[in-house]
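Participant: sequence and predicted model, in that order:
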Amino acid sequence: MRTRFKLTLQFTLLVSLIVLLSFLGIYYFTHSYIETRFYSRLKSKAITTAELLVKVDQIDSKLLKVIEKTNKDVLYKEKISIYNYKNQEIYTNNDTVKFEISRRFLNDVRLEGTATTTYKEIQILGIPYYDKYNRLLVLAGGVDLHGLDTLRDLQRILISLYMLIVLASAIFGWIFAGRALRPITEVIAEMNAIYPNNLNKRLKVRNIKDEIGQLTLTFNNLLTRVEEAFQHQQVFISNVSHELKNPLTKIISQLSVALLNKRSEEEYQHTMTSVLQDVKDLNLLTNTLLELTKLHDDSLPNRFTSLRIDDIIWDARSFLLKVQKDYTISIEFSDNIDSDEQLSILGNPQLLKVAFSNLMENGCKFSTTQTVLVKIGFENGLSLRFMNKGAVIDPKDQKLIFLPFFRAKKTADTKGYGIGLPLAERIIKLHAGELYIEESTLEQTIFKVQFFIEKEQN
């Protein structure tokens, strides 16, 4: 069911229900008013008849009947009867109309003062009439033809109006629903016109204060993230293709050259050693990619244990110095650390060791003195700074440096694949931390890792 039809149906049903309840109320109160007015008329006739019969000495029942026949204000099937204290009828103005009245009803009239009943279509009102000599009971009945006609006419009018109002509400509901949904239709058309080749296009925000405007802003923010993801994907594919192509090209070239002519055993060994190194580089590259994919496992935080960050830092330092003996790695503790709890976090020791060793290796590799200083402090949570002195990182490159396989032009001559920093950044983020470049000047470059207290407690 389309939204426009659904809104029209809901609007029509709502209006129909409101109008129906209103018309039922009008009919009910009109019916009550006509009935009350008719009983009031019957009461007036009953009192007048009783007073004429009782208080005027010259008028008896025969003369009263004659007077009643000359009365032009006579109801259809009108009958007025008077009963004595023994509930015996002593007067009636119309012998042709018969209605059966139970003794119980007559007693109810005497007890309650006024009572009404209906015999077939005749409405009957009973009232007591007392004076110092008589205890009479008067019944007045008749059919309110005028009231019935009025109610029938009102019923026809209300039904006709109701059908017209329902039809009009359906038509206008369809029109207003279309106008209300027009901005959404336009947004859908604009969204359908966006393809991967024009992701820089944005939707037009017509009114930022209404829900459609907020929805459009949400779409635009989503498009921004999608565009960034596509750009990152393009950079990733371009760089990984380049990184895979280089060792494969070297392997093919070396093997092709070796097969051109017969070589000595030493030459073959040299070629095989060179090819083996290239294969090792490819293996390292694929293993690193596998590590990146593992970091998308959402169940990892559930397997975290409590650990001391300084122990991980010392282990990462020892591991890196065994491989790169020319590196110099210093570790300092800030004065604001005064308890073991400040050095403890929840995490995976193997992953954190990989992240910290990558940051240390990156600092030494791009340092002019192959030296990095790791400073551990406490600032709204545990913080680590990896400080070295080397080439300044371009501000444009700082936005892309954590993308896999991205390498700045200044680092093109340094061996690497551009995976260490992205891998470290994802590991830190997995541990509810943040890795970013705090400073990059001629004096020093600082990569900062920040673990926040609130995230640790969660």
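Facilitator: Thanks, I have it.

Participant: all helices in the stretch 51-200 of the chain, in order from the N-terminus.
Facilitator: Applying DSSP state H, counting those that start in this stretch to the stretch 51-200 of the chain gives helices spanning 61-70, 103-112, 145-192.

Participant: what's around I26, how many residues?
Facilitator: For I26, the neighbour count with other Cβ atoms under 10 Å is 13. Heads up, the C-betas are built off the backbone N, CA and C, glycines and all.

Participant: ok, now T96?
Facilitator: Look at T96: counted by other Cβ under 10 Å, it has 6 neighbours.

Participant: relative to F219, how far out is it?
Facilitator: Distance of T96 to F219, computed by Cβ to Cβ, to the nearest Å: 84 Å.

Participant: repeat for K209
Facilitator: Distance of K209 to F219, given as Cβ to Cβ: 17 Å.

Participant: between the two, which one's more packed in?
Facilitator: When neighbours are counted by other Cβ under 10 Å, K209 and F219 differ, and F219 comes out ahead with 17 against 7.

Participant: that one is in contact with K204, isn't it?
Facilitator: No - with contact defined as Cβ atoms under 8 Å, F219 does not reach K204; the gap is 10.7 Å.

Participant: let me see the ranges of the strands in the stretch 351-458 of the chain.
Facilitator: Ranges of strands within the stretch 351-458 of the chain are 371-378, 382-388, 433-440, 445-451, based on DSSP state E, counting those that start in this stretch.

Participant: which neighbouring elements make contact with the second one?
Facilitator: So the one you mean is strand 382-388. Packing partners of strand 382-388 (3 or more Cβ pairs under 8 Å, 6 or more residues apart in numbering; DSSP states H and E): helix 309-323, helix 349-365, strand 371-378, strand 445-451.

Participant: for stretch 223-232, give the mean pLDDT please.
Facilitator: When pLDDT is averaged along stretch 223-232, the result is 79.

Participant: mind listing what's buried in it?
Facilitator: Within stretch 223-232, the residues scored as buried using 16 or more other Cβ atoms under 10 Å are 223, 227.

Participant: swap in stretch 194-211?
Facilitator: Buried-residue list, stretch 194-211, by 16+ other Cβ under 10 Å: 194, 199, 202-203.

Participant: kindly report the same for stretch 311-324.
Facilitator: Going by 16+ other Cβ under 10 Å, stretch 311-324 has these buried residues: 312-313, 315-317, 319-320.

Participant: over to stretch 115-134?
Facilitator: Buried, per 16+ other Cβ under 10 Å, within stretch 115-134: 115, 117, 122-129.

Participant: looking at these, which is nearest F333?
Facilitator: A115 (101.0 Å; Cβ to Cβ).

Participant: was I right to think the closest one contacts F105?
Facilitator: Yes - judged on Cβ under 8 Å, A115 makes contact with F105 at a distance of 6.5 Å.

Participant: shared neighbours, the two?
Facilitator: Counting by Cβ atoms under 8 Å, 6 or more residues apart in numbering, the shared contacts of A115 and F105 are G126.

Participant: the strands in the stretch 201-350 of the chain, which residues?
Facilitator: Listed in chain order, the strands of the stretch 201-350 of the chain (DSSP E, counting those that start in this stretch) span 305-308, 328-333, 344-347.

Participant: partner strands of the last one, parallel or antiparallel?
Facilitator: When pairing is defined by DSSP bridges, strand 344-347 lines up against strand 305-308 (antiparallel).

Participant: lowest-pLDDT helix or strand in this structure?
Facilitator: helix 453-457 (a mean of 48; mean pLDDT, DSSP states H and E).

Participant: poorly predicted segments of the chain, please.
Facilitator: Under the criterion pLDDT under 70, the flagged ranges of the chain are 1, 55-73, 132, 232-233, 235-246, 281, 284-285, 287-302, 404-418, 453-458.

Participant: great, nothing more from me.
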